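sequence unavailable; structure follows:
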């Protein structure tokens, strides 16, 4: 796991020999304004410095099934500039997606059949962009998002989880590490 600090400490976080188990508080979320009309900056994130020309990978078990339960990775400059990417349970299905926020949030998602599996999400920062990819198990990486992101600005990144609608969401994170950025946008 990364050696970071909690932004909004969770209800509980403990190593259990198989990873870091994180329990989210009811009402935890990251969102800014768009469509819903509110700003939320109370999600739980274990973050460390994330420089330019770097990547972060977060792995977790997608074992949840309540509306808006979510886990994945967060790349953050401040409360108005961030990217979260991972799996969110929404409208009866597990959705792979990303929220990119530059003052206002936007959200893209698509259903995946990854419930109960170990999922890895990767954000690669290079130049003025972050490329987000994800995969379940040893499957090939899927491109999720190419998003603008301020070049050369100090940022932090790491794992996150939120439970906007309920108490009791616990996510087992099996890995989180920094590595070199992707060499190219396309293989």
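Arrived safely. What you are looking at is a predicted structure, and each value in this text was computed from that prediction instead of being measured.

and residue 6, what does it touch?
Applying C-beta atoms under 8 Å, 6 or more residues apart in numbering to residue 6 gives the contacts 13, 44, 45, 46, 47. For every residue, glycine as well, the C-beta is placed using N, CA and C.

the first one contacts residue 20, doesn't it?
Yes. In this structure residue 13 lies within contact range of residue 20 using C-beta atoms under 8 Å: 6.2 Å.

name the residues contacting each of those two.
With C-beta under 8 Å, 6+ apart, residue 13 and residue 20 have common neighbours residue 46.

which residues touch the spatially closest residue to residue 93 that is not a sequence neighbour?
Nearest residue to residue 93, sequence neighbours excluded (C-beta to C-beta, 6 or more residues apart in numbering): residue 111, at 4.5 Å. Each residue near residue 111 by C-beta under 8 Å, 6+ apart is listed here: 93, 94, 95, 96.

what about the second one, distance to residue 184?
Using C-beta to C-beta, to the nearest Å, we find residue 94 at a distance of 29 Å from residue 184.

could you dump the contacts of residue 111 to a markdown table with neighbour count, pLDDT and secondary structure?
Listed next are those as a markdown table, based on neighbours: other C-beta atoms under 10 Å; pLDDT from 0 to 100; DSSP: H, G, I helix; E, B strand; the rest coil:
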| residue | neighbour count | pLDDT | secondary structure |
| --- | --- | --- | --- |
| 93 | 14 | 96 | strand |
| 94 | 21 | 97 | strand |
| 95 | 19 | 98 | strand |
| 96 | 24 | 98 | strand |
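
and of those residues, the nearest to residue 35?
Closest approach between the contacts of residue 111 and residue 35, by C-beta to C-beta: residue 95, at 16.0 Å.

now do the residue nearest to the closest one when sequence neighbours are not counted, the pLDDT please.
Nearest non-adjacent residue to residue 95, counting by C-beta to C-beta, 6+ apart: residue 109, 3.9 Å away. Listed pLDDT for residue 109 reads 97.

alright, calling it a day.
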